[in-house]
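> Sequence and predicted structure, then a few things I'm wondering about:
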Amino acid sequence: MPPVFREYGTQHLPQSPAFGHGKNGVADLVVARDGDNPTRLISDLVKVPYHLTGTLDSDPVEGMTTICLQDPTGAVTQGDRQTLSVEARPGSRAHVTTQSATKIQTMKASYAHLDATLVAESGAHLEYIPGSTILNEDARCLQTTTVEMAPDATVIVGDVFVPNGLTDHEPFSFDHFHSRLEARVDDTLVCADAVDLRPDERDPRDPATVGEHAVVGTLYVFAPSADADELADAIHDRLTDHEVTAGASVLKDDAGVTVRALGDRSADVTAAVEAAWDEARHTLLGTGAPLEGRGR
């Protein structure tokens, strides 16, 4: 927990307090697969504002199940805490997504925390590709992701950050956005990526951050048993067809590839991230991503 967010957490909320009714979302999910049978959701604990109506079997990859998390509240407000945990048992295949973008509303006190823990055991393939994260004026958001995986597992995590919310304000007029991801393969840290943006203290549109761009997309492909150089080259070639500034880098110990895409429109950046995801799937699973059902 960054110290400044601890300080935010001490601020009084006039409505329901942090972790109060409807503000402590929990989605604790376990998926497993028996042989060549489809992957099944064998355990789930879900609390509002998370909602889950079941799984889908529409993915083109054999044995893959799709879990679409819903949020009946429509937005994330001050004091909200959301915790997602997904455990993929040996040999299972699961794709986790959300029904729409995550909209972080304007805040006057405290902050919102979105936390995800992804565990992939031996031979498992786990994806977490949620909708974009949209920050409104004066919003504060802490976003943390932890990945723990076996050397022969694969994990793909996507994220699109949109600093221009639904209210009538200038981009990057939120208060504070902190996003951190850490990934470990057999307890060995292979990736630690953090973004900390406080526009009142430093304009994110400087050349060292996002420059003239307005939207940031990221894809992490953790695949220790794959050829990382080949995967990075394939993704890089695919990204050249999109109207974004993007690159692909090989992770420590050849544990996978990270992709960053910058653009002016969320649609362009989302399309680039999804293309990189599609290419990673072709390389790792032999079948592309189900982009048609995501509006592409």
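Cool, the structure landed.
> Residues contacting stretch 24-35, please?
The contact list for stretch 24-35 (CB atoms under 8 Å, 6 or more residues apart in numbering) reads 39-50, 52, 63, 65, 67, 69, 71, 80-94, 96. C-betas here are computed from N, CA, C, even on glycine.
> Just the buried ones from those residues?
39-41, 46, 49-50, 63, 65, 67, 69, 71, 80-89, 91-94, 96 (16 or more other CB atoms under 10 Å).
> Let's see which of those end up in strands.
40-41, 46, 65, 67, 69, 81-88, 93-94, 96 (DSSP state E).
> in the stretch 51-200 of the chain, which spans are strands?
Ranges of strands in the stretch 51-200 of the chain, per DSSP state E, counting those that start in this stretch, are 55-56, 64-69, 81-88, 93-98, 102-104, 112-120, 125-128, 133-135, 140-149, 154-162, 176-185, 188-197.
> Each with direction, which strands does the first one pair with?
This points to strand 55-56. strand 64-69 (antiparallel) (DSSP bridges).
> what's the angle between the strand it pairs with and strand 81-88?
For strand 64-69 against strand 81-88, the angle by axes from the mean of the first three to the mean of the last three CA atoms, to 10 degrees is 170 degrees.
> Output strand 64-69 as CSV - backbone C-alpha positions only.
The C-alpha coordinates for strand 64-69 follow below in CSV (Å, rounded to 0.1, in the frame of the first residue of the first chain):
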residue,chain,number,x,y,z
MET,A,64,-11.5,-22.8,-22.6
THR,A,65,-14.2,-21.3,-20.3
THR,A,66,-15.1,-17.6,-20.2
ILE,A,67,-16.0,-15.8,-17.0
CYS,A,68,-17.7,-12.4,-17.4
LEU,A,69,-17.8,-10.4,-14.2
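> next one: it to chain centre, how far?
Centroid separation for strand 64-69 versus its chain: 14 Å, with CA atoms, centre = their mean, to the nearest Å.
> what about Ala208, which helix or strand?
Ala208 belongs to no helix or strand when elements are defined using DSSP states H and E.
> ditto for Arg6
Counting by DSSP H and E, Arg6 is part of helix 3-9.
> for the record, mean pLDDT for that helix?
Across helix 3-9, the average pLDDT comes to 86.
> Tell me the helices and strands packed up against it.
strand 140-149, strand 176-185 (3 or more CB pairs under 8 Å, 6 or more residues apart in numbering; DSSP states H and E).
> Tell me where the protein is predicted with low confidence.
15-22, 165-168, 293-296 (pLDDT under 70).
> Roughly how far does the residue nearest to Leu291 when sequence neighbours are not counted sit from Asp57?
In this structure, Leu291 finds its nearest non-sequential neighbour in Glu274, 5.6 Å apart by CB to CB, 6 or more residues apart in numbering. Glu274 sits 21 Å away from Asp57, going by CB to CB, to the nearest Å.
> tell me, which helix in this protein spans the most residues?
Secondary structure of the chain per DSSP state H: the longest helix is helix 266-285.
> quick one, that helix and strand 64-69 angle?
Using the same axes, to 10 degrees: helix 266-285 against strand 64-69 is 150 degrees.
> tell me the angle helix 266-285 makes with strand 154-162.
Using the same axes, to 10 degrees, the inter-axis angle of helix 266-285 relative to strand 154-162 is 180 degrees.
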